[in-house]
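Asker: sequence unknown, structure follows:
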């Protein structure tokens, strides 16, 4: 196979795995956990000296391409292996390309850290290690960027478009939903942003997403 993704669905590797599933790509998936030292072996560090998953390898006629960082892997897959036909997740216009880039960078810079704090301290960590005050502070900070998203979805709805970048699900939705899925454990955030909540529900019901999650 020309495409290989190292990582596991229960990590940021979900993003390129989900994109590959949406694109119908034939991918060799190498399950690589991050808690057992697998990302610190000499062999893995040759792929990504940062010691993080995911890593995407694309073996091309002109040579091997190695991509780190989950959003970079996802956008690369969509740009290089997607079809800009206005039907799939790949951007079909310059505007859609811009939307994919800006929302992907936005969610990493404005949302991801606090979303992970909410997930960790409301759900993922053992109860004795959770600090509810950290989750509460993160929820308060998230109210600002989530208001931006809610307003954007409202404008999209008014224009007859139910998704972030177009009238169809695109990589922009995938990248943002892969992060915002972490805040689904917060009832206050979902209740305060009903358009986001409904949009997120539709994203997480995508068959491609469900297949990837069920795969491990």
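Answerer: All right, it came through fine. Note that the structure is predicted; figures quoted are calculated from it, not measured.
Asker: next, the buried residues of the top helix by length along the chain.
Answerer: Longest helix in the chain, counting residues (DSSP state H): helix 132-158. For helix 132-158, burial by neighbour count (16 or more other C-beta atoms under 10 Å) applies to 135, 138, 139, 142, 145, 146, 149, 150, 152, 153, 156. Just so you know, the C-beta spots here come from the backbone N, C-alpha and C atoms, and that holds for glycine as well.
Asker: which pLDDT value belongs to the fifth one?
Answerer: Confidence per residue is given as pLDDT, and for residue 145 that number is 98.
Asker: hmm, back to that, packing partners of the longest helix of the chain?
Answerer: Under the contact criterion of 3 or more C-beta pairs under 8 Å, 6 or more residues apart in numbering; DSSP states H and E, helix 132-158 touches helix 112-119, helix 187-192, helix 194-204.
Asker: ok, residue 49 to residue 66 distance?
Answerer: 11 Å (C-beta to C-beta, to the nearest Å).
Asker: more neighbours: which of those two?
Answerer: Legend: neighbour count by other C-beta atoms under 10 Å for residue 49 and residue 66, higher for residue 66 (14 against 9).
Asker: show me this structure divided up by domain.
Answerer: 2-82, 94-206 (the TED database).
Asker: got these as JSON lines, with distance to residue 216 columns?
Answerer: Formatted as JSON lines, the domains of the chain follow (distance: least, C-beta to C-beta, whole Å):
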{"stretch": "domain 2-82", "distance to residue 216": "6"}
{"stretch": "domain 94-206", "distance to residue 216": "16"}
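Asker: quick one: which of the ones you listed is nearest residue 214?
Answerer: domain 2-82 (8.6 Å; C-beta to C-beta).
Asker: measure the closest one end to end?
Answerer: Across domain 2-82, the terminal residues are separated by 15 Å (C-alpha to C-alpha, to the nearest Å).
Asker: thinking again about what came up before, okay, the helices and strands packed on helix 132-158, which one's buried deepest?
Answerer: helix 112-119 (a mean of 20; mean count of other C-beta atoms under 10 Å).
Asker: same for it, what does it pack against?
Answerer: Looks like helix 112-119 contacts helix 132-158, helix 171-180 (3+ C-beta pairs under 8 Å, 6+ apart).
Asker: just want the angle from that helix to helix 171-180.
Answerer: 40 degrees (axes from the mean of the first three to the mean of the last three C-alpha atoms, to 10 degrees).
Asker: roughly how far is helix 112-119 from the heart of the chain?
Answerer: Between the centre of helix 112-119 and the centre of its chain there are 13 Å (C-alpha atoms, centre = their mean, to the nearest Å).
Asker: identify all contacting residues around it.
Answerer: 134-135, 137-139, 141-142, 179-180, 182-183, 185-186, 189 (C-beta atoms under 8 Å, 6 or more residues apart in numbering).
Asker: can you redo those as TSV with distance to residue 206 and pLDDT?
Answerer: Converted to TSV, the contacts of helix 112-119 look like this (distance: C-beta to C-beta, whole Å; pLDDT from 0 to 100):
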residue	distance to residue 206	pLDDT
134	31	98
135	27	98
137	32	98
138	26	98
139	26	98
141	28	98
142	23	98
179	15	98
180	14	98
182	17	98
183	18	98
185	20	97
186	22	98
189	21	98
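Asker: tabulate those (CSV), appending distance to residue 165.
Answerer: CSV is the format used below for the contacts of helix 112-119 (distance: C-beta to C-beta, whole Å):
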residue, distance to residue 165
134, 33
135, 30
137, 31
138, 27
139, 27
141, 25
142, 22
179, 16
180, 15
182, 21
183, 21
185, 26
186, 25
189, 23
